[in-house]
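Colleague: Dropping a prediction and its sequence here:
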Amino acid sequence: MAFGSAAVPQVYKIFGPGNQYVTCAKQLVNKQGIAIDMPAGPSEVAVYADERCTPAFVAADLLSQAEHGIDSQVLLVASNVKIIDEVKIETEKQLVLLSRKDIAAKALQNSKLIVMNNVDEAFNLLNEYAPEHLIIAADNAAILANKVINAGSVFLGHYSPESVGDYASGTNHTLPTNGNAKAYSGVSLDSFFKKITFQQLNKEGLKNIGNAVELMAAAEGLDAHKNAVTIRLNEIKNK
Ligand SMILES: NC(=O)c1ccc[n+]([C@@H]2O[C@H](COP(=O)([O-])OP(=O)(O)OC[C@H]3O[C@@H](n4cnc5c(N)ncnc54)[C@H](O)[C@@H]3O)[C@@H](O)[C@H]2O)c1
Ligand SMILES: N[C@H](CO)Cc1c[nH]c[nH+]1
């Protein structure tokens, strides 16, 4: 697609998620002038869970991303240690039943389970991590959503598992990973648009702002920039 072939014409932009190799390939062709949507690499999920969460749901959500690949990342930020202990027990129970248990178990070795007593600190951490997927397992998830600054896609409340975003709810699930949600959004219609600007000045308009352009161009030593304005202002003056 990036270079074209007899069967596939060269494209301008490549979209879509993939493993670390697919993401690296996209980034390499980007250096050669092919636009890409964003780095959408191996899956991640972060769950914020408070004392109102259902540990079995949280465990299922963590496993749903851990089963993707050994490089999937899973993070639980909980409001107390009891939640962590209960989620751990549930995770162990559910893990052994999975067909991809070996992969999920390896991914879990890199997972982090963190207790943050203060909700603001919890969201500071989550915003710094900038997860691809963020699940807020709390009764007041819609209110806590206001604290989210960096995330690819956010799932609110106890009945919004991340897998509904993958298959059915309709939000796009090509999303920025590896902290890139700090600077990128997931794929949306916007990803397929370019913005072209048009402008036209009349004589009056150029008289009004021309001097500012001349001054700035002169300050930068860009004589030709300045002249493009000066030559016109002189013509206007001499008419
Ligand atoms: N960020 C996102 O939005 C998002 C969404 C969905 C899936 N994903 C991730 O995509 C991956 C799964 O996607 P998929 O099933 O479409 O397939 P994939 O991205 O794993 O693609 C498979 C391709 O990877 C290449 N590949 C595998 N091992 C390689 C290696 N060692 N060196 C070079 N190339 C290698 C193969 O040639 C194959 O064509 C998972 O990692 C998943 O977490 C990310
Ligand atoms: N959960 C994966 C990472 O976002 C996406 C996926 C895989 N299969 C279907 N959807």
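Modeller: Looks like it arrived, so ask away. Residues are numbered from 1 along each chain as shown. Ligands and ions are numbered 1, 2, ... in the order given.
Colleague: so who does the nearest residue to residue 89 once chain neighbours are set aside touch?
Modeller: Spatial nearest neighbour of residue 89, chain neighbours left out: residue 55 (7.4 Å); criterion: C-beta to C-beta, 6 or more residues apart in numbering. For every residue, glycine as well, the C-beta is placed using N, CA and C. Taking C-beta atoms under 8 Å, 6 or more residues apart in numbering, we find residue 55 in contact with 49, 83, 86, 87, 89, 90.
Colleague: among those, which ones are buried?
Modeller: Among the contacts of residue 55, those scoring as buried are 49, 83, 86, 87, 90 (criterion: 16 or more other C-beta atoms under 10 Å).
Colleague: and the gap between the second one and residue 215?
Modeller: Using C-beta to C-beta, to the nearest Å, we find residue 83 at a distance of 62 Å from residue 215.
Colleague: thinking again about what came up before, could I get the buried ones among the contacts of residue 55 as TSV with secondary structure?
Modeller: Formatted as TSV, those follow (DSSP: H, G, I helix; E, B strand; the rest coil):
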residue	secondary structure
49	strand
83	helix
86	helix
87	helix
90	helix
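Colleague: Pick the one among those closest to residue 185.
Modeller: residue 49 (25.3 Å; C-beta to C-beta).
Colleague: Do I have it right that the closest one meets residue 78?
Modeller: Yes. Shown here, residue 49 and residue 78 form a contact pair, counting by C-beta atoms under 8 Å, at 4.9 Å.
Colleague: Which strands or helices does whichever strand or helix holds residue 106 pack on?
Modeller: Element membership for residue 106 (DSSP states H and E) is helix 101-109. Here helix 101-109 touches helix 55-66, strand 73-78, helix 81-95, going by 3 or more C-beta pairs under 8 Å, 6 or more residues apart in numbering; DSSP states H and E.
Colleague: what does the protein put close to ligand 2?
Modeller: When proximity is defined as C-beta under 6 Å from any ligand atom, the chain approaches ligand 2 at 43, 68, 166, 173.
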